[in-house]
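Peer 1: Whatever this is, show me its structure:
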Amino acid sequence: MIRCVHCGTDNEEIFTYCLNCGKPLEQSMKGFKPRHSSTSRLGSATLITIRTDGGTGPEIPLADGINHIGRDGPEVVITDDPRVAATHATLDVGRDVVFLEDLSTLHGTFVRVTGQRTLADGDQVRIGHAVFSVQLNVPRPRASNDGAAWLGSTGVPGDWFGRLIRIGPNESILEAHLLRSPETTLGRTSGDILLPEDPFVSSRHAAFAATNAGCILKDLGSTNGCFLRIKGRVAIETGDYILLGHHLFQFKRRTAA
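Peer 2: Here you go, the predicted structure:
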């Protein structure tokens, strides 16, 4: 299977274009290299710092080719966050496509979901300060002879399609919630799952909806969005938001003069 770097959909190897988003699967091959300018390393893109009040801060120019992000930089330096590794991620800026890659870090690199996104088993989602792991391949107990629920099981009817696990420090489990059909909603004051003490969560923030293929994460017009932890290398586009630790950036292509 080839996982599309644009939308995360798994495709059979016989296909050359993603069946979901239509982008070429050539760019999803491990050996694919974006085309860089042959004349100069002059930056064609920037990372815009997003301040804690939501406004924009300094812009960090990015060179064509590989840009390293982390405590040691050198292209993008983040020194005041213990959740950012010395060499945390890279941005490979090409003429046709830009790749963001997490370098197997402990705390991960997240990209904001635009609209909705198909989730796979084991995907991690950050909403406000909370990090959740999505479990879709949850084994179900066999039916008992008299219809009673088995001790140790959820003890509820089978209208659920997965679990949402809230992750704490050192990968500890803080909470576990069932994902119920047709969808499970999450918010600060309204929803099936509530995060009342997190000021960065909107009153009605997100929904996890069941599909034939598994699960879709839908942002319900929240202020601060939902962020998906990337796995390896993904393609990003101008306007995308990138979250590392508590640092938020927006990626932008420079417009031609």
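
Peer 1: contacts, neighbours, all on C-alpha from now
Peer 2: Noted.

Peer 1: I'd like to know how far the residue nearest the centre of the chain sits from Val98.
Peer 2: Closest residue to the average C-alpha location of the chain: Leu228 at 1.3 Å, with C-alpha atoms, centre = their mean. Computed as C-alpha to C-alpha, to the nearest Å, the Leu228 to Val98 distance reads 18 Å.

Peer 1: what about Asp146, neighbour count?
Peer 2: By other C-alpha atoms under 10 Å, the residues close to Asp146 number 6.

Peer 1: residue furthest from the geometric center of this protein?
Peer 2: Quick read of the chain (C-alpha atoms, centre = their mean): farthest out is Asp146, 43.1 Å.

Peer 1: Okay, now the sheet partners of the helix or strand containing Glu59, with direction.
Peer 2: Assigned by DSSP states H and E, Glu59 belongs to strand 56-62. Strand 56-62 has these partner strands in its sheet, going by DSSP bridges: strand 45-50 (antiparallel).

Peer 1: ok, and what's touching the strand it pairs with?
Peer 2: 56-64, 93, 247-254 (C-alpha atoms under 8 Å, 6 or more residues apart in numbering).

Peer 1: what's the answer for stretch 107-114, then?
Peer 2: Stretch 107-114 has contacts (C-alpha under 8 Å, 6+ apart) with 83-84, 89, 102, 126, 219, 225-230, 240-245.

Peer 1: Distance check, the residue nearest to the centre of the chain against Ile173.
Peer 2: Distance from Leu228 to Ile173, counting by C-alpha to C-alpha: 19 Å.

Peer 1: now Leu136
Peer 2: Separation of Leu136 from Ile173 (C-alpha to C-alpha): 17 Å.

Peer 1: neighbour count winner among those two?
Peer 2: Neighbour count, other C-alpha under 10 Å: between Leu136 and Ile173, Leu136 has more, with 19 against 13.

Peer 1: List the contacts of that one.
Peer 2: For Leu136, counting by C-alpha under 8 Å, 6+ apart, the contacting residues are Ala120, Asp121, Gly122, Phe161, Gly162, Arg163, Gly214, Cys215.

Peer 1: Derive a ChimeraX selection command for the buried subset of the contacts of strand 45-50.
Peer 2: Command for ChimeraX that selects the buried part of these, burial taken from 16 or more other C-alpha atoms under 10 Å:
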select :59,60,61,62,63,64,93,247,248,249,250,251,252,253
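
Peer 1: can you pull the contacts of Met1?
Peer 2: Residues in contact with Met1 (C-alpha under 8 Å, 6+ apart) are Asp10, Asn11, Glu12, Glu13.

Peer 1: Can you name the residues that contact the last one?
Peer 2: Residues in contact with Glu13 (C-alpha under 8 Å, 6+ apart) are Met1, Ile2.

Peer 1: bridging residues for the closest residue to Pro61 other than its chain neighbours?
Peer 2: In this structure, Pro61 finds its nearest non-sequential neighbour in Thr46, 4.4 Å apart by C-alpha to C-alpha, 6 or more residues apart in numbering. Listed beta-bridge partners, Thr46: Pro61, Lys252 (assigned using DSSP bridges).

Peer 1: That concludes my questions; thank you for your assistance.
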